[in-house]
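Visitor: pasting a predicted model and its sequence here:
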Amino acid sequence: MMRAIYFTLAGLLLMSPHVTAEDFAMMPPAGYDQAGQYPAGTVHWNVSYYSSVAGRNLNMHVYTPPGYNPSQKYGVIYCYQGIGVGADTTFLDWSIYANVVCDNLIGQGKIQPVIIVALDDQFDGDWSDVAGMTINDAIPFVDSHYSTYGDADHRGLYGYSWGGGYAFNVGCANLDTFHHLSPTAAAPNKAGDNTLFPNGGAEAKLKLKTLFISWGQYDYESIVTANVNCHNFCTTNGIDHYWWEVPGAGHWANEVWRPAMWNFLQMADAAGISGIPEPISAYSQIEAEAYHMQSGTQTEECTEGGLDVGFIENGDYLVFRLVDFEGGAASFNARVASAGSGGQIELYLDSLTGIQIGSCAVPVTGGWQTWTTVSCPVSGAAGQHDVYMKFTGPSGYLFNINWWQFSPDYTVPPMGLTATTTLDGRIDLTWNEVTGGISYNVKRSTNSGGPYTVIAPEVETASFSDTEIIGDLVYYYVVSANTPGGESADSAEVQGIALAVAPSAPSGLRVIAGDGTVALNWTANGEGDIAGYQVYRSTTSGSGYVLLNSSLLSSPEFIDDTAVNFRLYNYVVTAVDFDTLESAYSHEVQAIPNDETFVLLAGTDFESGFGDWVNIAGEDSHDWTRDSNGTLTPNTGPSGGAEGSSWYVYLETSPGGAASAGNTAILESPVIEGYGRFLAFYYHLYGVEIGILSVDVYDGVWHTEVWSISGQQHTGSADEYTRVYVDLTGYNGPIRIRLRATAVGGPRGDMAVDNIEVFGRLLYGDMDGDTIVDMSDLSEFIGYWLQEDCGLDLDGDCVITLYEFARFAENWLND
């Protein structure tokens, strides 16, 4: 399974259907490696430990995160360096700079604190026993001298260049020791893929939680080849992994290795290397020394038992992760003492620059162990957040803090109210319990917004079944809570449908094309009686849909694994309720499943001009106009380019332009080689006098209107463009494409297009992608004789016959 594929097809990101956009490796933002932005951890240089493998003491360099707390457990990432340099490069500013990268991610709240250990992978030369040193010596030393979890779930390996090879070799051979691996630009010391992943990676698939392979697009050929092959091996064998070929990058720290560390820290954190924190209730008493991060403070013995946090000065702070405020908090309480000047406890959500929810004054109590409880109101605290307690005041020590606790806002209504119509005629209501809730009042109306009647007072559970309902009616419900502070406000309203009407068509249908698969997802319907969903597919846009799923889908997602590569498919979905009533079709989406041989053959996005595409002369009356704002005439045309871009081209139909019926503008492509081609582009057709937008194709003769659309398709200039795909697989040999706009007369007919792309495969018969048709391709191609394969087919029958073998022969030894 692939976690990320950096290749776009017609604006669609191709990826594993189980992964969201947040999972992808990306280039870090500016400043990600700049020191001094957040509290810094400590790099302990040249920590000496005895190595039984080396037979002498070796040095490691250990980074402990800001606010390192020996009473808290930490995950550990071990690092290997490139050849000919020292282990210290893991923390040097010209190399990985892992300490600063980690400081900034921790300070931004993107990861939990983690320990990073730099080991010397060349302690006995280029081919040292790195595995033995790491497993037998370094890890036991770190686990005995630092506060670590000490298990594979919380231990990772990172290495760059030569060290990347060791990250592969040591990590994959010791999957009971490491569950998080990040080899970047791994050098040729990397073992073969069958050695790293024996039995098709059976053990890796069971144990690895993070595998991130990265390299630069223009790294050494041997490195690129080895890493690409490893990625392909993992994909073929279903080994879950992230991968990243950094565009335009070579064999450099700032281009690949350091950004890889930035990504890996976040991937491993999300996979649990630092533990998965459990939410803590804001309404329980929390000891101050139980912080997750701190700056400037110290702990000390407390006369009330245990420890307190003291030696607090202006600007110091504590951080508590995942504090659950549920519906909302009303006040904050803290146990404090001061023989200094006192000060303020400022409360922020998620960062020191986040939303401030309150500020508590701390008085002078007459002694550092003379305790009192202070309280202050808070607002805006609901749900789960990291809490930052910033301490402010004059110079010197301010006060000590022993514990803290929030009090709930009893006016907050119950959350999460849902209504579900059942097959036996009930409407079942459920909601989330309220902190301090004693009981609940269920209210109903036949009008949205009320007035409501209490149909069930003092319900003691967070659920209720309404059986007193009449068919052909829609009911509206709210719930309030009875608390120690009185009755809360009413919850948000939900509706329960007791009538037999078809659901609304699902919305938000999205599609992700992969290799032989198409993943779909959409927005779940809001009706309470949805039984499931149906998915339909057609090879003809707008008609001929065939049901794909054998039973109703319970969730708004589906993977079509019957799709054939290099074929254009059209998909729609419907919703079905418990009365078996089915909605209308959703809007249609299109996808072309493909593999890595499917590439961009030609295109232009108009950001820097027309590219190789030209306005022709002599066969039309007007030219396409390039623009980056709205068109000249109100109530027609777009407001900018597609997908947030600036430039696009359009047919101007105002007076002086193509204002008469039959006026045309033709945009022509360069000659486009390849085969199995598809055209993709965006169009925007807004205006009551929109004419016809057509596609023509030349393959020796002109084929006009192989695709066309007419009339207004959008409702405003700010509407998003529509993406369209045109199947050109029936045209063989070099082709040219024309986009032709024909006016129908009138000024409000501006037609715009943007981001034109032609995808396909370069050389017919090149089975191994080495850009030449030779003996290495022949044996594989022969295997398709009389087999069904629409991806290789040229004459439209999806069977490989003499027609296709003749084309293979034409390309023999061509490149």
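Guide: Everything's here; your move.

Visitor: would you confirm that Ile239 contacts Ala202?
Guide: No: look at Ile239 against Ala202 with CB atoms under 8 Å: they stay out of range, at 9.4 Å. To be clear about C-beta, it is placed using only N, CA and C from the backbone, and glycine gets the same treatment.

Visitor: between those two, which is the more surrounded one?
Guide: Legend: neighbour count by other CB atoms under 10 Å for Ile239 and Ala202, higher for Ile239 (22 against 12).

Visitor: which SS class is the nearest residue to that one once chain neighbours are set aside?
Guide: Of all residues not flanking Ile239 in the chain, Gly201 sits nearest, at 4.2 Å (CB to CB, 6 or more residues apart in numbering). Here Gly201 is recorded as helix under DSSP: H, G, I helix; E, B strand; the rest coil.

Visitor: contacts only, for Gly201.
Guide: Counting by CB atoms under 8 Å, 6 or more residues apart in numbering, Gly201 touches Phe233, Cys234, Asn237, Gly238, Ile239.

Visitor: and the gap between the nearest residue to Pro363 once chain neighbours are set aside and Thr420?
Guide: Once flanking residues are discounted, Pro363 sits nearest to Gly342: 5.1 Å by CB to CB, 6+ apart. Noted for Gly342: a distance of 54 Å to Thr420, by CB to CB, to the nearest Å.

Visitor: please apply the same query to Ala591.
Guide: 33 Å.

Visitor: the residue nearest to Pro363 touches Gly366, doesn't it?
Guide: No: counting by CB under 8 Å, Gly342 does not reach Gly366; the two are 10.9 Å apart.

Visitor: now do the residue nearest to Ile239, the pLDDT please.
Guide: Gly201 is assigned 96 on the pLDDT scale.

Visitor: Ala591 and Thr420: who's more crowded?
Guide: Each of Ala591 and Thr420 has its neighbours counted (other CB under 10 Å); Ala591 has more, 27 against 18.

Visitor: contact partners for the more buried one?
Guide: Ala591 touches Leu12, Val511, Ile512, Ala513, Val518, Ala563, Leu568, Tyr569, Tyr571, counting by CB under 8 Å, 6+ apart.

Visitor: for the chain, just list every one of the helices.
Guide: Listed in chain order, the helices of the chain (DSSP state H) span 98-107, 130-132, 139-145, 162-173, 193-196, 198-207, 221-236, 258-270, 775-782, 802-810.

Visitor: so which of those comes closest to Pro506?
Guide: Closest to Pro506 of the helices of the chain is helix 258-270 (CB to CB; 29.4 Å).

Visitor: which residues are contacting the closest one?
Guide: Defining contact as CB under 8 Å, 6+ apart, one finds that helix 258-270 is touched by 23, 25-28, 32-33, 75, 77, 95-98, 101-102, 105, 110-112, 114, 156, 158, 160, 180, 182, 184, 209-210, 212, 214, 242, 244, 246.

Visitor: quick one, it and helix 98-107 angle?
Guide: Helix 258-270 runs at 50 degrees relative to helix 98-107, counting by axes from the mean of the first three to the mean of the last three CA atoms, to 10 degrees.

Visitor: now helix 258-270: average pLDDT?
Guide: 95.

Visitor: please parse this structure into its domains.
Guide: Structural domains annotated on the chain: 8-270, 280-408, 418-497, 509-591, 599-761, 775-810, as defined by automatic domain parsing.

Visitor: could you dump those domains into CSV and include distance to Pro503?
Guide: Converted to CSV, these look like this (distance: least, CB to CB, whole Å):
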stretch, distance to Pro503
domain 8-270, 24
domain 280-408, 30
domain 418-497, 9
domain 509-591, 4
domain 599-761, 24
domain 775-810, 35
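
Visitor: least reliable of those domains going by mean pLDDT?
Guide: The minimum mean pLDDT among the domains of the chain belongs to domain 775-810 (a mean of 77).

Visitor: ends of it, how far apart?
Guide: Criterion CA to CA, to the nearest Å; first-to-last residue distance in domain 775-810 is 14 Å.

Visitor: in it, what counts as buried?
Guide: Judged by neighbour count using 16 or more other CB atoms under 10 Å, the buried positions of domain 775-810 are 777, 781, 784, 790-794, 799-800, 804, 807-808.

Visitor: kindly report the same for stretch 378-388.
Guide: So for stretch 378-388, counting by 16+ other CB under 10 Å, buried means Val378, Ala381, Ala382, His385, Asp386, Val387, Tyr388.

Visitor: got it, and stretch 130-146?
Guide: Here stretch 130-146 shows Val130, Ala131, Met133, Thr134, Ile135, Asp137, Ala138, Ile139, Phe141, Val142, Tyr146 as buried, counting by 16+ other CB under 10 Å.

Visitor: now swap in stretch 265-277 and tell me
Guide: Judged by neighbour count (16+ other CB under 10 Å), stretch 265-277 contains these buried residues: Leu265, Gln266, Met267, Ala268, Asp269, Ala270, Ala271, Gly272, Ile273, Ser274.

Visitor: now that stretch - C-alpha only, PDB.
Guide: Output of stretch 265-277 as PDB, limited to C-alpha atoms (Å, rounded to 0.1, in the frame of the first residue of the first chain):
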ATOM      1  CA  LEU A 265       9.200  13.600  13.100                       C
ATOM      2  CA  GLN A 266       5.500  14.300  12.300                       C
ATOM      3  CA  MET A 267       4.800  11.000  10.700                       C
ATOM      4  CA  ALA A 268       6.300   9.000  13.600                       C
ATOM      5  CA  ASP A 269       4.500  11.200  16.200                       C
ATOM      6  CA  ALA A 270       1.200  10.600  14.400                       C
ATOM      7  CA  ALA A 271       2.000   6.900  14.500                       C
ATOM      8  CA  GLY A 272       2.600   7.000  18.300                       C
ATOM      9  CA  ILE A 273       6.300   7.100  18.800                       C
ATOM     10  CA  SER A 274       5.800   9.500  21.700                       C
ATOM     11  CA  GLY A 275       2.700   7.700  22.900                       C
ATOM     12  CA  ILE A 276      -0.900   8.500  22.200                       C
ATOM     13  CA  PRO A 277      -1.900  10.900  24.900                       C
END
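
Visitor: for the closest residue to Gly641 other than its chain neighbours, the count of nearby residues, please.
Guide: Sequence neighbours aside, Tyr648 is the residue nearest to Gly641 in space, at 4.4 Å (criterion: CB to CB, 6+ apart). By the criterion of other CB under 10 Å, Tyr648 has 28 neighbours.

Visitor: ok, Ser708 next?
Guide: Neighbours of Ser708 under the rule other CB under 10 Å: 13.

Visitor: is it in a bridge, and if so with what?
Guide: For Ser708, the beta-bridge partners are Ser694 (DSSP bridges).

Visitor: how close does His145 sit to Pro70?
Guide: As defined by CB to CB, His145 lies at a distance of 10 Å from Pro70.

Visitor: go on, Leu548?
Guide: Distance, Leu548 to Pro70, using CB to CB: 57 Å.

Visitor: the two: who's more crowded?
Guide: Leu548 (20 against 9).
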